[in-house]
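Q: Let me see the structure of the following:
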Amino acid sequence: MPINVPIFLTWLRIAMIPLVVGLFYLPNTWIAEPARDTLAAWAFIIAALTDWFDGWLARRWNQTSAFGAFLDPVADKLMVCAALIVLLDLGRVDAFISLIIIGREITISALREWMAKIGASASVAVHRLGKFKTASQMVAIPCLLYNQPIFGMSSRILGAVLIVIAAVLTVWSMLYYLQRAWPAIREKSQ
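A: Numbering: from 1, shown residues only. Sure thing, here's the model as predicted:
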């Protein structure tokens with residue numbers, strides 16, 4: 001396993017998941033709810049920024065690796081899924097939305113693995129739809145974690161609107177990837 005700054009940042013993102021989740025298990029006598037929500041939102045934002053930064057560094061410093069390419073999306077999916085489960089438990093996101101997003105992540109991960117096995121991974125390469133979906137999630141989730149007004153506007157309402165947009169983009173991008181993969185799947189299954 002190669003160790004470089006981009007991979008370290010990816011591991012850091014994974015290590016921050018228990019921090020974000022753990023904050024919600026602390027008793028209210030240890031930390032007030034608004035402070036807890038603020039810390040969780042900022043921890044998620046920092047983790048999300050490492051996602052962008054590790055990729056940028058890996059390309060800039062020519063430190064891309066097969067392991068990094070594997071670990072980065074795993075870290076992203078773990079971070080998003082953990083946050084959605086916390087938000088579901090808090091009643092800040094609908095179960096249907098969470099199931100759509102988590103189900104898509106599992107489906108597309110399995111699809112990418114299958115396509116790599118049959119030598120057709122290029123057909124499910126990351127598309128801008130997936131990037132828009134990720135951007136919507138990465139803004140929606142901290143808004144829902146924060147759950148306090150931002151400049152007089154409800155972060156919860158903003159987060160709720162953005163997570164619905166993310167869910168729509170989730171389904172759309174999943175259908176796009178499945179459509180792109182279908183010819184190769186059909187050919188290999190005959």
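
Q: use CA for all of it now, contacts and neighbours both
A: Fine.

Q: Buried residues, the longest helix anywhere in the chain. List them.
A: Of all the segments of type helix in the chain, defined by DSSP state H, the longest one is helix 155-188. Of all the residues in helix 155-188, those buried under the rule 16 or more other Cα atoms under 10 Å are 155-160, 162-171, 173-174, 176-178, 181, 184-185.

Q: on contacts alone, who are the packing partners of the host helix or strand of Met16?
A: Per DSSP states H and E: Met16 is located in helix 5-23. Judged by 3 or more Cα pairs under 8 Å, 6 or more residues apart in numbering; DSSP states H and E, helix 5-23 is in contact with helix 33-60, helix 66-90.

Q: any idea of the angle it forms with helix 33-60?
A: 170 degrees (axes from the mean of the first three to the mean of the last three Cα atoms, to 10 degrees).

Q: where does this protein have low pLDDT?
A: 1, 190 (pLDDT under 70).

Q: now do 90
A: Residues of the chain meeting the criterion pLDDT under 90: 1-4, 6, 28, 51-59, 62-73, 108-131, 134, 176-190.

Q: Could you find the closest non-adjacent residue to Met115?
A: Spatial nearest neighbour of Met115, excluding adjacent residues (Cα to Cα, 6 or more residues apart in numbering): Ser121 at 4.8 Å.

Q: show me the contacts for the closest residue to Ala140 other than its chain neighbours.
A: Distance criterion Cα to Cα, 6+ apart; nearest residue to Ala140, sequence neighbours excluded, is Gly159 at 4.2 Å. Gly159 makes contacts with Val139, Ala140, Ile141, Pro142, Cys143, Leu144, as judged by Cα atoms under 8 Å, 6 or more residues apart in numbering.

Q: now, which of those sits nearest Ile106?
A: Ile141 (18.7 Å; Cα to Cα).

Q: Could you report the neighbour count for that closest one?
A: Per other Cα atoms under 10 Å, the neighbour tally for Ile141 reads 27.

Q: With only the CA atoms kept, save the host helix or strand of it in PDB.
A: Ile141 is part of helix 128-146, with elements assigned from DSSP H and E. Output of helix 128-146 as PDB, limited to C-alpha atoms (Å, rounded to 0.1, in the frame of the first residue of the first chain):
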ATOM      1  CA  ARG A 128     -20.600  15.100 -14.600                       C
ATOM      2  CA  LEU A 129     -24.000  13.900 -13.400                       C
ATOM      3  CA  GLY A 130     -22.200  12.000 -10.700                       C
ATOM      4  CA  LYS A 131     -20.200  15.100  -9.900                       C
ATOM      5  CA  PHE A 132     -23.300  17.200  -9.600                       C
ATOM      6  CA  LYS A 133     -24.900  14.600  -7.400                       C
ATOM      7  CA  THR A 134     -21.900  14.600  -5.100                       C
ATOM      8  CA  ALA A 135     -21.700  18.400  -5.000                       C
ATOM      9  CA  SER A 136     -25.400  18.500  -4.000                       C
ATOM     10  CA  GLN A 137     -24.800  15.900  -1.200                       C
ATOM     11  CA  MET A 138     -21.700  17.600   0.100                       C
ATOM     12  CA  VAL A 139     -23.600  20.900   0.500                       C
ATOM     13  CA  ALA A 140     -26.900  19.300   1.700                       C
ATOM     14  CA  ILE A 141     -25.500  17.100   4.400                       C
ATOM     15  CA  PRO A 142     -23.600  19.800   6.400                       C
ATOM     16  CA  CYS A 143     -26.700  22.000   6.200                       C
ATOM     17  CA  LEU A 144     -28.800  19.200   7.700                       C
ATOM     18  CA  LEU A 145     -26.100  18.500  10.300                       C
ATOM     19  CA  TYR A 146     -25.800  22.200  11.200                       C
END
